[in-house]
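S.K.: my questions are about this predicted structure, shown below with the sequence.
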Amino acid sequence: MDEELRIIISGGGTGGHIFPAVSIANAIKAKHPEAKILFVGADGRMEMQRVPAAGYEIKGLPIKGFDRANKLKNFEVLCKLWKSLRMARQIIKDFKPQVAVGVGGYASGATLYECAKMGIPCLIQEQNSYAGVTNKLLSKRVKKICVAYDGMERFFPADKIIMTGNPVRQNVLSTPLSVEESRESFGLAPNKKTILLVGGSLGARTINRSVIEHLDLIEQSDVQFIWQTGKFYHQQILDSMKGKELPNLKIMDFISDMGAAYKAADLVISRAGASSISEFQLIGKPVILVPSPNVAEDHQTKNAMALVNKDAALCVKDVEAPETLIKLALDTITNDEKLASLSENVKKMGLKNSAEIIADEVIKLIKG
């Protein structure tokens, strides 16, 4: 093997794709500090800020997805696709990677397509229980496919599949704080049952509505809530809550220490993104999942049902959440037997050291 490893990692679009990609990069660097890693993402997407913040260089492509609502716009999309393929080819020629890793998303499709054409071995990581379009298209060209759920042979060639699980943010897996100290860090009582509501960094309108419409139930309960509204909705919610502030409802736009937030919570309410689910599996956290309806091929519902079918989570449909979510959460958190069962079953599904396992597979491809 060459002394200096050169690896391209491509994909992104959401935090759920970026966190695993950065975790894989970190795992490679931990094993091979001399490795040169270049990210390739999509201009204007979250990865263009998050990846440099994690200490890695990233190149952007102007690639966009097809517009199913306005087909006339797709001529521009095709032009950007052609330009992105050409740019990806030049990036690859300049960087000279020995291997390419794709984590899903349009940029990943263009970059790994060009890498495979040039004979560079490729690996893709599929985080969801229902494979994305990009990864399905790439599956015939790549050498290895890392997955987190059983039954992925229905999407991919079985001989390429490796069960690795999804890499997660390391800071959520451990915190030096006790449960009581974690609650106190959020200004809450140390010995009261606690529910954490998260809808991603931007927030989830349905989860937020569920809280706003049931402040009476929250006020009457002996349960305390940590509520991450998301930055997009935060000011609007603060305005609507003026004069209705509740001592058992801690409102935050963004939680930087998710390890402490998870530790503080007896129960979590969350969207059903693959990265979040992997975190719940590794820490054994009881969860009510509210799958987002605004994702490709409804993959969050499929992610959620993979847990529900093993009695490892509860699920509420997005359309039903404003009416039923808070009541279900309050009923569940008072049922210690149910919480223990959910915790035990979700933890059985967790796969540890995913980033390190994927990093090893990447290095094997370089060794040939």
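M.R.: Sure, I can see it. Predicted model only: the values in this text are computed from it and were never measured.
S.K.: distance of Arg271 from His299?
M.R.: Arg271 sits 11 Å away from His299, going by Cβ to Cβ, to the nearest Å. Any C-beta I mention is one placed from the backbone N, CA and C, and that applies to glycine too.
S.K.: wait, Ser278
M.R.: Distance from Ser278 to His299, counting by Cβ to Cβ: 14 Å.
S.K.: of Arg271 and His299, who's got more company?
M.R.: Taking other Cβ atoms under 10 Å, Arg271 and His299 do not tie; Arg271 has more neighbours (23 against 20).
S.K.: where does the stretch 1-150 of the chain dip in pLDDT?
M.R.: 1-3, 13-16, 66-69, 71 (pLDDT under 70).
S.K.: mind running it again at 80?
M.R.: 1-3, 12-17, 65-74 (pLDDT under 80).
S.K.: what's the answer for the stretch 201-350 of the chain, then?
M.R.: 201-203, 295-297.
S.K.: who's in contact with the top strand by length along the chain?
M.R.: Ordering each strand of the chain by length in residues (DSSP state E) puts strand 36-42 first. Strand 36-42 has contacts (Cβ atoms under 8 Å, 6 or more residues apart in numbering) with 4-13, 21, 25, 28-29, 47-48, 51, 56-64, 88, 91, 95, 97, 105-108, 111.
S.K.: just the buried residues from those, in ChimeraX please.
M.R.: In ChimeraX, a selection of the buried entries from these looks like this (16 or more other Cβ atoms under 10 Å):
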select :5,6,7,8,9,10,11,12,13,21,25,28,29,47,48,51,56,58,59,60,61,63,64,88,91,95,97,105,106,107,108,111
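S.K.: and the contacts of strand 36-42, which of them are in helices?
M.R.: Residues of these located in helices (DSSP state H): 21, 25, 28-29, 47-48, 51, 88, 91, 95, 106-108, 111.
S.K.: for the residues you listed, which one is nearest Val168?
M.R.: Among those, Ala21 lies closest to Val168 (Cβ to Cβ), at 12.0 Å.
S.K.: hmm, that closest one is touching Val103, no?
M.R.: Yes: counting by Cβ atoms under 8 Å, Ala21 touches Val103, with 4.6 Å between them.
S.K.: shared neighbours, those two?
M.R.: Counting by Cβ under 8 Å, 6+ apart, the contacts common to Ala21 and Val103 are Ile9, Gly11, Gly12.
S.K.: spit out the contact partners of the second one.
M.R.: Listed by Cβ under 8 Å, 6+ apart, the contact set of Gly11 reads His17, Ala21, Gly41, Glu47, Gly102, Val103, Gly104, Gly105, Ala107, Ser108, Thr134.
S.K.: out of those residues, who's nearest Ser221?
M.R.: Taking Cβ to Cβ as the measure, Ser221 lies nearest His17 of the contacts of Gly11, at 36.1 Å.
S.K.: ok but the closest one is inside a helix, no?
M.R.: Yes: assessed with DSSP: H, G, I helix; E, B strand; the rest coil, His17 lies in a helix.
S.K.: residues near it, how many?
M.R.: 28.
S.K.: list the contacts of it.
M.R.: Neighbouring residues of His17 by Cβ under 8 Å, 6+ apart: Gly11, Glu47, Val103, Gly104, Gly105, Gln127.
S.K.: rerun at 10 Å
M.R.: Residues in contact with His17 (Cβ atoms under 10 Å, 6 or more residues apart in numbering) are 11, 41, 45-47, 50, 102-105, 107-108, 125, 127, 132, 273-275.
S.K.: now, of these, which are buried?
M.R.: For those, a neighbour count by 16+ other Cβ under 10 Å gives the buried set as 11, 41, 45-47, 50, 102-105, 107-108, 125, 127, 132, 273-275.
S.K.: tell me which element the residue nearest to Ile28 when sequence neighbours are not counted falls in.
M.R.: Nearest residue to Ile28, sequence neighbours excluded (Cβ to Cβ, 6 or more residues apart in numbering): Ala359, at 4.6 Å. Under DSSP states H and E, the secondary-structure element containing Ala359 is helix 354-367.
S.K.: thank you, goodbye.
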